[in-house]
Structure formats: C-alpha cells, structure tokens
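Participant: here is a sequence with its predicted model. Questions after.
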Amino acid sequence: AISGSYSGVGVAVVEHKRGLIAGEVYQGSPAKAAAITKGDLISAVNGKSIAGISSEAAVAKIKGPEGTKVTLTVAKPKNGDQKKCLPAKEIVLTRRAIDIPVAIGKIFTKDGRKIGYIGLASFTGNSGRLVAGQVAKLKKQGAESWIFDLRGNGGGRLDQAVDVSSVFIPKGMIVATDGRARPRVVYDADKAYFRTADPLVVLVDKGSASASEITAGTMKYRDRGLIVGTRTYGKGVFQEVIPLDAGGALDLTVGEYLTANGTSILGKGVVPDTRVD
C-alpha cells in the first residue's frame, strides 16, 4: 500500500459483511480482463468464504506471487444492489505485478465551465508531487474548480498527507501528532506544493481512512472545501514498526492524529458537509 505496487489481480476493494465490494478496477489488470467491474461482490477466495473477515485478511488471500492462480467467487449486483445479486460465478485469475495508478486526472464540462477531477488511490511516496502535477496539467486545460476524490483511499504516509493537502492550502497547520510518550508535533503546509485556491469539493466514504481523513479533515476544518459523501472510517492513530531479532516485527500504535481544529478522528471519522450515499 505504501509503495504503490503489489502482486495480485488489480482491483481496489471495500469491506462488506458478505465479503468485498470491488472498487476501482485497474486498466490492464487480470480483474479488468475478467470483466470484474465496480460494485461486484467477491464472496469467496479459492472456494472459501470471506464473509465476516476483515478486508486486510481477505485481500491477503487474493494477493500472491506473480504467475500463480487464484479463484474468486464473484456476483454482479442486480440494479446496483449487493443485497440482490445475480448468480455468482467462479473466475480463475493469474496474479501479476500491479502498479497502482496513484493519481488520475480528467476534465468535466458543466454549463460551459471546466471542472478538474482528480482521483487519488493511496498516499504513496510521491503522492504530493503527482497530485500537484495533475492540478497543473488540468489548469492548463482550463479547469477553474476541482473535485478531489478520496473514496476508497485507505491512506498511507503521513508526510504525503501533508504534501497533498499543501496542493490546496499554501500555509498553516495541516495536522498534529500526539502520543503518551511523544511530544506533540505540528505539521504545516509546504508552500512548494501549492497549486490552486479555486473552489474545491472532496469526495469521501467509509473506505476513506488515515491519511485520507487527515486531508479531508484539513479541507473541512480550514474551510477550504466542501466535503461530500459519507462518514469516513475513523482511523486516527499511527504506528511504529519495530523489527524483531527472530525475523518478525512489532507494529506498535504510538500516537494519534489531531486535525486542524485540534480534535481526534479516532472512531469518529470526518463527517461530510453534504451527505450523499
């Protein structure tokens, strides 16, 4: 998730009580070739149900070495409703190396006005630079307002949340971190990334977590943009990975994030200004 590449089938997912719901299906991926589309319900992996387990555990079963096969049980929703799916089918996919298209940009035209759309899949090592590049490119094409899509973005690196937020905010606090045994640290915007002060809407859902919530919270509490969608996940803590001599590692929670208004998002998430399911 942090590197932006892995070996699997090429589909972003959202946790569901019956398994996983397919989100973005990446171009050129095994999932795309198999006609898996956004909204499909994945209920089993290699014949074993994934209902009721975490998305992390379910995804771990789907990922694997490049060139190996995995069988997914997939059902397409009837009229967009996962409660009324068409009969499920078993699809055999060959895993391959997937490079996640971290940031995508396009232009929409509404009533003669050009709106720049940017979708961000994760907060990897160069997300700030990629988002800044997309904004600059779309501005040259005439974009005068913005939609920033963080739906299904499970987060990533803290420094990239700061850089991405800085694309839309030139100065001031983005986020703070605080821990029982750690001093409070405030992260301010980096003006080197700033690209636009034009009107902004940020799209979020329950799959928007961690760094996504930092970014959405910054836009909301700094009065920079309108948050549209559903309440975000509520992942307001961060970890430190401590290698162990035996070969494993301890992933220890050491502190929490505080948004620009000084509050924690842990368990609460970011509440949209306008709710749209």
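Facilitator: Nice, thanks for sending it over. These figures come from a predicted structure and were not determined experimentally. Numbering: from 1, shown residues only.
Participant: can you give me the helices for the stretch 151-277 of the chain?
Facilitator: 158-166, 211-221 (DSSP state H, counting those that start in this stretch).
Participant: quick one: which of the ones you listed is nearest Leu244?
Facilitator: Closest to Leu244 of the helices of the stretch 151-277 of the chain, according to Cβ to Cβ: helix 158-166, at 23.4 Å. All C-beta spots, glycine's among them, are computed from the backbone N, C-alpha and C.
Participant: now the angle from that closest one to helix 211-221?
Facilitator: Interaxial angle, helix 158-166 versus helix 211-221 (axes from the mean of the first three to the mean of the last three Cα atoms, to 10 degrees): 30 degrees.
Participant: mind giving me the packing neighbours of helix 158-166?
Facilitator: Helix 158-166 is packed against helix 127-140, strand 173-179, helix 211-221, with contacts defined by 3 or more Cβ pairs under 8 Å, 6 or more residues apart in numbering; DSSP states H and E.
Participant: check the helices of the stretch 151-277 of the chain for me and report the most buried one.
Facilitator: Burial of those is given as mean neighbour count (mean count of other Cβ atoms under 10 Å); helix 211-221 ranks first at a mean of 27.
Participant: re earlier: of all the helices and strands packed on helix 158-166, which one is nearest Tyr233?
Facilitator: That would be helix 211-221 among these, by Cβ to Cβ, at 6.9 Å.
Participant: show me the contact partners of that closest one.
Facilitator: 120, 123, 148, 150, 153-158, 160-162, 164-165, 168-169, 174-175, 200, 202, 204, 208, 224-225, 227, 232-236, 257, 259-261, 265, 269-270, 273 (Cβ atoms under 8 Å, 6 or more residues apart in numbering).
Participant: now the residues you listed: which count as buried?
Facilitator: 120, 123, 148, 150, 153-158, 160-162, 164-165, 168-169, 174-175, 200, 202, 204, 208, 224-225, 227, 232-236, 257, 259-260, 265, 269-270 (16 or more other Cβ atoms under 10 Å).
Participant: which stretches of the stretch 1-150 of the chain form strands?
Facilitator: 5-8, 11-16, 19-25, 41-45, 48-49, 69-75, 77-78, 81-85, 89-94, 96-99, 103-110, 113-120, 145-149 (DSSP state E, counting those that start in this stretch).
Participant: adding distance to Phe194 and mean pLDDT, write these out as a markdown table.
Facilitator: As requested, these are exported to a markdown table (distance: least, Cβ to Cβ, whole Å; pLDDT from 0 to 100):
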| stretch | distance to Phe194 | mean pLDDT |
| --- | --- | --- |
| strand 5-8 | 28 | 85 |
| strand 11-16 | 28 | 87 |
| strand 19-25 | 27 | 90 |
| strand 41-45 | 40 | 96 |
| strand 48-49 | 48 | 96 |
| strand 69-75 | 43 | 96 |
| strand 77-78 | 41 | 86 |
| strand 81-85 | 40 | 77 |
| strand 89-94 | 42 | 97 |
| strand 96-99 | 28 | 88 |
| strand 103-110 | 17 | 96 |
| strand 113-120 | 15 | 97 |
| strand 145-149 | 13 | 98 |
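Participant: okay if I get those as TSV plus distance to Gly217?
Facilitator: As requested, the strands of the stretch 1-150 of the chain are arranged in TSV below (distance: least, Cβ to Cβ, whole Å):
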stretch	distance to Gly217
strand 5-8	27
strand 11-16	20
strand 19-25	22
strand 41-45	30
strand 48-49	36
strand 69-75	35
strand 77-78	31
strand 81-85	29
strand 89-94	37
strand 96-99	29
strand 103-110	20
strand 113-120	15
strand 145-149	13
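Participant: and of those strands, who's closest to Gly248?
Facilitator: Using Cβ to Cβ, the nearest of the strands of the stretch 1-150 of the chain to Gly248 is strand 5-8, at 20.0 Å.
Participant: and the pLDDT for Gly262?
Facilitator: pLDDT, Gly262: 90.
Participant: for the top strand by length along the chain, buried residues please.
Facilitator: Looking across the chain with DSSP state E, the single longest strand is strand 249-258. Using 16+ other Cβ under 10 Å as the test for burial, strand 249-258 gives 255-258.
Participant: which one of those residues is nearest to Gly64?
Facilitator: Tyr257 (32.4 Å).
Participant: quick check: bridge partners of the closest one?
Facilitator: Beta-bridge pairing for Tyr257 (DSSP bridges): Thr177.
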